[in-house]
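Asks: Give me the fold of what follows.
(2 chains)
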Amino acid sequence: MSFKADSKVLIQGIAQTLGSTHAALMKAYGTNVVAGVSAGKGGQTLHDIPVFDMVDQALPVVGPVDITAIFAPAYLVLDAALEAIAAGIRQIIIITEGVPPLDMVRLVAKAEATDTLVIGPSCPGVIVPGKVLLGTHPSEFYIPGPVGLISRSGTLTYEIARELTRSGLGQSTCVGIGGDAIVGSSFQQWLQILEEDDATEVIVLVGEIGGASEEAAARYIDEAIDKPVIAYIAGHHAPKGRRLGHAGAIITAGLADLGADVGTAESKMAAFKQAKVPVAQRASQIPDLVKKVLKKSGHKKK
Amino acid sequence: MDLLEYQAKELFREMGIPVLPSQRIDHPSDLKGLRIPYPIALKSQVRVGGRGKAGGVKFVENTIDAVAAAQAIFHLPIMGEYPQVVLAESKYDADQEFYLAVILDRAARRPVLLGSIKGGIDAEATLEYIQLVSVDEEFSPFYARRLALKMGLQGELIESVSGIVQKMYQLFIQKDLDLVEINPLGISATGQVMALDGKVSANDEALGRHPELATLASKMSKRAKDEEIPPALANQNFVQLDGNIAIICNGAGLTMATLDLVCFTGGQPANFLNISPLSNEAGWGVASYDSIPGNPLPKEVEGWNEYLEQALELATQNKNVKVVLVNILGSVTLCEETAVAIETYLKRRESSSRTRSVLHFIVRLVGGNLSAAKQRLSAIKVPLVEDLEEAVAKAVDKAKAVVGY
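Replies: Next up is the predicted model:
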């Protein structure tokens, strides 16, 4: 992973309302947005960003690109991502919601074969406070600090970042990995990235009901993560069997009607308990838990 | 979206998966024009499982018995769902019954093939016999043969069963499905295979590129007796509960967190509604539009007022609602727009000729300079709270004071 202040960033779907708005916000934050891509809009300029018809046409002009943020409509996302991979871009952030899961299956296979990091879809992207904004995080909620934040949701991530900021803690890197059933990068991948990130001293993992990714993350923390981790699970009181906006956030049996018992708040809490990861019951408890582990690990306030 | 058995079987037929001759029965009298010979099975067409055990499948030998059985099935709710259609199907003598499925494994992010030689009604009992083959690369028929061998099949059954699995997989990919299941796959004494029951779940996200499935979905949703949900909110998540606090938030995660907080604080949610159309072009709630000098407000954001008003209308339909907790995390612009929408909604409610009970609003907004929103809300005596915990505590206290629990 290299999300640095000088990373060169492309915006695919820059002529979409959401893409255009956030391209401007990213640029205003200081992100090095070098080009936009939108078929049919080549030659134009949006927020002082040159727009090209295809990724292939942008690269010879602006040079190699480190990251692309995709705002294309859902059914065009797979194609846009494959276009970026073909052009040699190895970090892809998909903001768009509603990408069909079988498209993600194809994209994930391609990403594995080409060693590409795919974040999202249905995600707010990544923010390294004070350095770079890659996505839709409202930057006013964030300040630089020692906490790495990984989450499946958007606005809940903002809420928790805001709590951390209000307690004077701040964040190292925050990522929303996406609320869909199939997302490009997993909790484990991000735990590893933050484990290796020097700016991160403690990791906050924000999970929710549905799927088994928190359970898998808990096992991974137990085996491979040395930095302290604090977890939080949303959806304790969500009724069973109802889809709650995130395609992943539904409690159903893992395999058709076979009755596998995963995905509930209880099963996730139990998994974290097993891995000795403290779990906050309320978002507002997170800063205190973070302070506690920082104190234990000898963190000194600079 | 789950299809009904007869709809799944139409897809099977198109794919060349063998199914029995059958006929759709919309009314018991349709049985007089039955074109398939007796004996037949009459099967309740509901989307929930456990239909055989509940008495939703009956075998009959003649028209008189068939009409009586159909009448009984039409009047038999299965887990609360009444069938709109009954399927009449030829009877089949199966020597063995297998279980087959193609589903998406979310963790592995790959399709998997499932098979068991102990299929049939008791899915739980088949669990320990289930074999699994993960489709790790481009599909090729050997994956299906691998499953057949793992299931312990021999001789001609290897080819016939793996042939079915292969077609199920093609259907799964072609139609963007979440699940294709055949349970049971009947095996006759001579080794012939027949899909006796089938389940197909289409993926909602992909319906837009499968008009034929979308049509089926729209037909089915017309029959559902859901609350009257305005079109703009149709894809949002509105869930009715039985308390007295309505919860409106933007974002699925934040909605769940707020719901939890209300419950942990001793409150009783009446419903919750997530109004976060991230997929919406405007991207409400995720941006500070006005933090860029000279960036005009996207036109679509103006629609937020109307959208939120509809959400308020929907969330307060239920008479049990005493308190409305609005929790919106967004930009400065969004804050003021939210206040405007609440103001408009309350004014309209006041002037409405219907006598309605008093509603208490607690509004939690954050995003920056809130003074404009605060002014508007204080003029109509709605408290604006920036801290989520405090907002929830106020909402719960209010509800307790009103209801007296």
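Asks: and the residue of the stretch 101-250 of chain B found nearest chain A, helix, strand or coil?
Replies: Residue of the stretch 101-250 of chain B nearest chain A, by Cβ to the nearest Cβ: residue B:206 (3.8 Å). C-beta here means a position set from N, CA and C on the backbone, and glycine is covered the same way. State at residue B:206, reduced to three classes by DSSP: H, G, I helix; E, B strand; the rest coil: helix.
Asks: if I pick it, what's in contact with it?
Replies: Residue B:206 is in contact with A:100-102, B:176, counting by Cβ atoms under 8 Å, 6 or more residues apart in numbering or on different chains.
Asks: Now for residue B:336: which residues touch it?
Replies: Counting by Cβ under 8 Å, 6+ apart, the residues that residue B:336 touches are B:372-373, B:376.
Asks: Quick check: the two most widely separated of the contacts of residue B:206?
Replies: Using Cβ to Cβ, these span at most 7.8 Å, a distance reached by A:101 and B:176.
Asks: any bit of stretch A:5-17 sitting next to chain B?
Replies: Yes: using Cβ under 8 Å from any Cβ of the partner chain, stretch A:5-17 reaches chain B at A:16-17.
Asks: Enumerate every residue touching the residue of the stretch 151-300 of chain A found nearest chain B.
Replies: Nearest residue of the stretch 151-300 of chain A to chain B: residue A:153, at 2.5 Å (Cβ to the nearest Cβ). When contacts are counted by Cβ under 8 Å, 6+ apart, residue A:153 touches A:176, A:179, A:206, A:208, A:234, A:246, B:251-254.
Asks: what's the neighbour count on residue A:266?
Replies: Residue A:266 has 12 neighbours, counted by other Cβ atoms under 10 Å in any protein chain shown.
Asks: just the helices in chain B please.
Replies: Remark: helices assigned in chain B by DSSP state H are B:5-15, B:63-74, B:123-126, B:142-150, B:156-174, B:211-223, B:252-264, B:304-315, B:332-351, B:371-379, B:388-403.
Asks: Run the chain-centre distance for stretch A:150-158.
Replies: Distance of stretch A:150-158 from its chain centroid, counting by Cα atoms, centre = their mean, to the nearest Å, is 8 Å.
Asks: Listing request: residues of the stretch 51-200 of chain B with sub-threshold pLDDT.
Replies: Applying pLDDT under 70 to the stretch 51-200 of chain B picks out residues B:122-126.
Asks: Oops, could you answer that again for chain A instead?
Replies: Scanning chain A with the threshold set as pLDDT under 70 gives A:1, A:241-262, A:299-302.
Asks: one more time with 80, if that's ok
Replies: A:1-2, A:240-262, A:297-302 (pLDDT under 80).
Asks: Please enumerate the strands of it.
Replies: Secondary structure of chain A by DSSP state E: the strands cover A:8-12, A:32-37, A:45-46, A:49-52, A:67-70, A:91-94, A:117-119, A:125-128, A:132-135, A:144-151, A:171-176, A:202-208, A:229-234, A:279-280.
Asks: Please convert those strands to TSV, extending it with distance to residue A:267.
Replies: Shown next, in TSV, are the strands of chain A (distance: least, Cβ to Cβ, whole Å):
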stretch	distance to residue A:267
strand A:8-12	37
strand A:32-37	41
strand A:45-46	46
strand A:49-52	45
strand A:67-70	33
strand A:91-94	28
strand A:117-119	26
strand A:125-128	28
strand A:132-135	30
strand A:144-151	19
strand A:171-176	23
strand A:202-208	11
strand A:229-234	10
strand A:279-280	12
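Asks: can you tell which of these is closest to residue B:75?
Replies: Taking the strands of chain A one by one with Cβ to Cβ, strand A:202-208 is closest: 40.3 Å.
Asks: tell me which strands and helices that closest one is in contact with?
Replies: Counting contacts by 3 or more Cβ pairs under 8 Å, 6 or more residues apart in numbering or on different chains; DSSP states H and E, strand A:202-208 packs against strand A:144-151, helix A:155-166, helix A:187-196, helix A:213-224, strand A:229-234, helix A:286-296, helix B:252-264.
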